[in-house]
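*Asks:* Sequence plus predicted model, see below.
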Amino acid sequence: MAELQFDESRFPLVVLRCPTAFDVRGAEALQSGLERLFARRQKFVLVCDIRPVSRVPDAVVRKRLADVMNLPQVREGQAQYQLGSANVVDSAPLRAALTALLWLWTPPTPMATFAGTDEAVRWSIERLRAAGVEIPASLRELEAPVRRAAR
């Protein structure tokens, strides 16, 4: 099974790529990845690409994910450094699972759901700008095709 991956190459926009199946190890990888991001002590946005997930995580995994997200150090790190999460989800069952997770966990920062990455990136860059975070050239390059398509 593929692993959960954090792509920080375009920081302060971080892309979290989910594996095809989410298990308890994935929840633990999520926790350690978030804690690593918080240790940078810099504002960022997270684009979560949930599209690869082929089945809804079971109740045990959903509960473990909620437990991770409710950890004091995770909630504090999110409130202090994470400006929001843009979730890319193209599956109705996975959108329902995300909704169920939100019954167990209230995010301390804005969270939005998108069908595609272009919209998620645009929303994320807007969050960064609104917070006064400098937008690096690597993100402006990502944003350019999105702007052209919106015209």
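*Replies:* Structure's in. What do you need?

*Asks:* Counting neighbours, what do you get for residue 130?
*Replies:* A count of nearby residues for residue 130, using other Cβ atoms under 10 Å, gives 10. (Glycine included, C-beta is placed from N, CA and C.)

*Asks:* Identify the spatial nearest neighbour of it, chain neighbours not counted.
*Replies:* For residue 130, ignoring the flanking residues on the chain, the nearest one in space by Cβ to Cβ, 6 or more residues apart in numbering is residue 83 at 7.9 Å.

*Asks:* Residue 18 touches residue 48, doesn't it?
*Replies:* Yes: here residue 18 lies in contact with residue 48, judged by Cβ atoms under 8 Å, at a distance of 6.9 Å.

*Asks:* Neighbour count: those two, which is higher?
*Replies:* Neighbours were counted for residue 18 and for residue 48 using other Cβ under 10 Å; residue 18 has more, 23 against 20.

*Asks:* dump the residue contacts of residue 46.
*Replies:* 14, 15, 16, 37, 82, 84, 85, 86, 124 (Cβ atoms under 8 Å, 6 or more residues apart in numbering).

*Asks:* Recalculate using a threshold of 6 Å.
*Replies:* 14, 16, 85 (Cβ atoms under 6 Å, 6 or more residues apart in numbering).

*Asks:* So the second one sits against residue 48, correct?
*Replies:* Right, residue 16. Yes: at 4.6 Å, residue 16 counts as touching residue 48 under the criterion of Cβ atoms under 6 Å.

*Asks:* Tell me the buried residues in whichever helix in the chain runs longest?
*Replies:* When the chain is scanned for its longest helix (criterion: DSSP state H), the result is helix 24-39. By neighbour count with 16 or more other Cβ atoms under 10 Å, helix 24-39 contains the buried residues 26, 27, 29, 30, 31, 33, 34, 37, 38.
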